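[1] kindly return the folded structure for what I paste below:
(chains A and B)
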Amino acid sequence: MSKSVDETVFDFFELLLHENDSSITGISKPPSHGDKSLQREAIGNEVTSLDDAILAERASVRLHQTITVTPEVQFAKVKAPSPNVVLSEVAPKVDKQSLEKLLAPVLKTEVKTEPKIIEELIQPEIVSEGKPVDDTEQPISFAAEEPLAVGREEAILVNKPETQLGITPPSITKDLQEVLDDEFQVLFFKVAGLTLAVPLVSLGGIVKVERINHIIGRPSWFLGVQSHREEQLNIVDTCAWVMPEKYTDKLAQSVNYQYLVLLEGSNWGLTCESLVNAVKINKSQVNWRSKAGKRPWLAGVVKEQMCGILHVQALVEMLDAGLGCQDSIG
Amino acid sequence: MKDTRNVAAVAASKDDVVLQWVTFKLDNETYGINVMQVQEVLRYTEIAPVPGAPYYVLGIINLRGNVVTVIDTRSRFGLQSAEVDDSTRIVIIEAEKQVIGILVDSVAEVVYLRRSEIDNAPNVGTEESAKFIQGVSNRDNELLILVDLDKLLSDEEWAELTQL
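    Numbers count the residues shown, from 1 in each chain, chains lettered A, B, ... in the order given. Have a look, this model is predicted:
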């Protein structure tokens, strides 16, 4: 294998973005059949190499089963637990404490100073308040159960009309960029070797995968529902949704989903195998989608971490409509 | 004041009707069907196959002199078939003015649910089988999937059954 997993993943996302751009430019100048076949071939090669890379990485992960978090991530001691945990100033690049703080309301005193695998630290339910974050000046508060319930209800009330009335879909990321500050935090999570990022402002919470009830007649990417605080969470098989073309039976069997990344303002949860870390990044560090395309859920690519960043609002609209990753919501 | 409250409570409870559901198991999930549509529950008995019957028809049984068609519920729900065992049951139901049997893994209990306790099923279904899930309800941290028996088969399929 000539490429590393990260390089391959980066190429994969770049290709997805590039494909969208070319499909738009194609309106004025339709691509020739040769171009299309070349493009398909390129995507096919990328998919194959991504598949190989992921399988290879998964093999190597099995050899080093305890490694799930980047070594530089350190967990600092958390002071006495309080209902609202305030995020203090964070390092410019890798926000070592953000994830810990995100998990703090649940972890309480269990957080230790030594580096530890995230899985060990996470309790069955970890939920963050999904309000806009000003991560430099204003502290982010992650509240416990009561404020969350109110916050989510408000978010649903605000977001529902947009989703249900089918107002212009957020096919480009301009609206997302307007919501985000110049510096914003993202949570990285992994699924089948692929790293994805979700802005913390769009994160509804994190919940451990428990009993998933299969509901018949739903698309293959719909894993089922899981009860959570007397509500039903709709669970997406992230790998099947994001990469249906490479989601083979072999890969499906090897995937071990551990957590649900809840999407703000919805009952949707994305399955993931591991949470990597929460990092503060600058808008300029993201190669943003600039034109509408087939994949409105992909806001762009985080250059340094080489992973796709999710456009949660678009993703929720697509999931509500029962669409797959390559369907258009326009 | 107290009387007013009682009247309001009664009015609220009238809107919030309590329904009874017979629950059965299929492939680790619990399903519920309206008790009013259930006539009886039988232990598994030999089912005589019918040549040329649709794929979802297991065959027929003789129920006290009446011929009853038995539906393969697993097949209808898109689930893999399973071996018949001691807990397998045939639930005799009435739907669309026909009496049929549905083969299930086991029958669990009769539960009481208020209408307000029933949530909509996730509306992302594209397949035929998505139609006959009329709602879900969370009971004791276990999800109960409520089946609309009238929609278990399409109009054409119900008509087809009468021809068997």
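
[2] please make it C-alpha for all contacts and neighbour counts, starting now.
    OK.

[3] need the residue closest to the centroid of chain B.
    residue B:33 (3.7 Å; Cα atoms, centre = their mean).

[4] gap between residue A:256 and residue A:237?
    11 Å (Cα to Cα, to the nearest Å).

[5] when the two are compared, which one has more neighbours?
    The neighbour count for residue A:256 versus residue A:237, taken as other Cα atoms under 10 Å in any protein chain shown, is higher for residue A:237 (22 against 14).

[6] so the more buried one makes contact with residue A:221?
    Yes. Shown here, residue A:237 and residue A:221 form a contact pair, counting by Cα atoms under 8 Å, at 4.9 Å.

[7] may I have the predicted confidence score for residue A:110?
    Per-residue pLDDT puts residue A:110 at 40.

[8] and for stretch B:85-93, what are the contacting residues?
    The contact list for stretch B:85-93 (Cα atoms under 8 Å, 6 or more residues apart in numbering or on different chains) reads B:37-44, B:70, B:99-107.

[9] in that stretch, what's buried?
    Buried residues in stretch B:85-93, counting neighbours by 16 or more other Cα atoms under 10 Å in any protein chain shown, are found at B:88-93.

[10] same check, this time on stretch A:206-223
    The neighbour-count check on stretch A:206-223 (16+ other Cα under 10 Å) flags A:206-209, A:212-219, A:221-223 as buried.

[11] send me that stretch as CSV with only the CA atoms.
    Output in CSV follows, covering the C-alpha atoms of stretch A:206-223 (Å, rounded to 0.1, in the frame of the first residue of the first chain):
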residue,chain,number,x,y,z
ILE,A,206,-23.0,11.6,23.2
VAL,A,207,-24.7,8.4,24.4
LYS,A,208,-23.4,4.9,24.7
VAL,A,209,-24.9,2.3,22.4
GLU,A,210,-27.1,0.0,24.4
ARG,A,211,-30.1,-1.9,23.2
ILE,A,212,-31.0,-1.1,19.6
ASN,A,213,-34.5,-2.1,18.5
HIS,A,214,-34.6,-3.1,14.9
ILE,A,215,-37.6,-1.7,13.1
ILE,A,216,-38.7,-3.5,10.0
GLY,A,217,-39.1,-1.9,6.6
ARG,A,218,-36.5,0.8,7.1
PRO,A,219,-33.4,1.5,4.9
SER,A,220,-30.4,-0.6,5.6
TRP,A,221,-28.5,2.3,7.1
PHE,A,222,-31.2,2.7,9.7
LEU,A,223,-30.0,0.5,12.6
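
[12] residue A:287: neighbouring residues, count only.
    17.

[13] distance-wise, check it relative to residue A:309.
    As for residue A:287, its distance to residue A:309 is 9 Å (criterion: Cα to Cα).

[14] can you list residues touching both of the two?
    Going by Cα under 8 Å, 6+ apart, residues that sit against residue A:287 and also against residue A:309 are A:300-302.

[15] so which of the residues you listed belong to strands?
    A:300-302 (DSSP state E).

[16] out of the residues you listed, who's nearest residue B:117?
    residue A:300 (41.0 Å; Cα to Cα).

[17] what's the closest non-adjacent residue to the closest one?
    residue A:288 (4.2 Å; Cα to Cα, 6 or more residues apart in numbering or on different chains).

[18] and the one you found, how many neighbours?
    The local packing of residue A:288 (other Cα under 10 Å) involves 22 other residues.

[19] filter the contacts of stretch B:85-93 down to the buried ones, ChimeraX style.
    Only the buried entries of these go into this ChimeraX selection, using 16+ other Cα under 10 Å:
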select /B:37,38,41,44,70,99,100,101,102,103,104,105,106,107
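
[20] for chain A, which residues are neighbours of chain B?
    A:213-219, A:227, A:230, A:234, A:319-322 (Cα under 8 Å from any Cα of the partner chain).

[21] make a markdown table from those residues and add pLDDT to it.
    Formatted as a markdown table, those follow (pLDDT from 0 to 100):
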| residue | pLDDT |
| --- | --- |
| A:213 | 92 |
| A:214 | 91 |
| A:215 | 90 |
| A:216 | 87 |
| A:217 | 85 |
| A:218 | 87 |
| A:219 | 88 |
| A:227 | 89 |
| A:230 | 79 |
| A:234 | 94 |
| A:319 | 91 |
| A:320 | 89 |
| A:321 | 86 |
| A:322 | 86 |
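
[22] restricted to helices, list those residues.
    Those of these mapping onto helices are A:319-320, per DSSP state H.

[23] what separation do you get for the nearest residue to residue A:304 once chain neighbours are set aside and residue A:250?
    Spatial nearest neighbour of residue A:304, chain neighbours left out: residue A:285 (7.0 Å); criterion: Cα to Cα, 6+ apart. For residue A:285, the distance to residue A:250 (Cα to Cα) stands at 35 Å.

[24] more crowded one of those two?
    Set side by side, residue A:285 and residue A:250 show more neighbours around residue A:285, with 13 against 10, by other Cα under 10 Å.

[25] residues in contact with the more buried one?
    Per Cα under 8 Å, 6+ apart, neighbours of residue A:285: A:302-304.

[26] same check on residue A:234?
    A:222-226, A:267-269, B:122.

[27] most neighbours, which of the residues you listed?
    Among these, the one with the most neighbours (other Cα under 10 Å) is residue A:269, at 27 neighbours.

[28] and for residue A:228, the neighbour number?
    For residue A:228, using other Cα under 10 Å, the count is 14.

[29] and residue A:243, by the same measure?
    For residue A:243, using other Cα under 10 Å, the count is 17.

[30] ok, it to residue B:95 distance?
    On the measure of Cα to Cα, residue A:243 and residue B:95 end up 41 Å apart.
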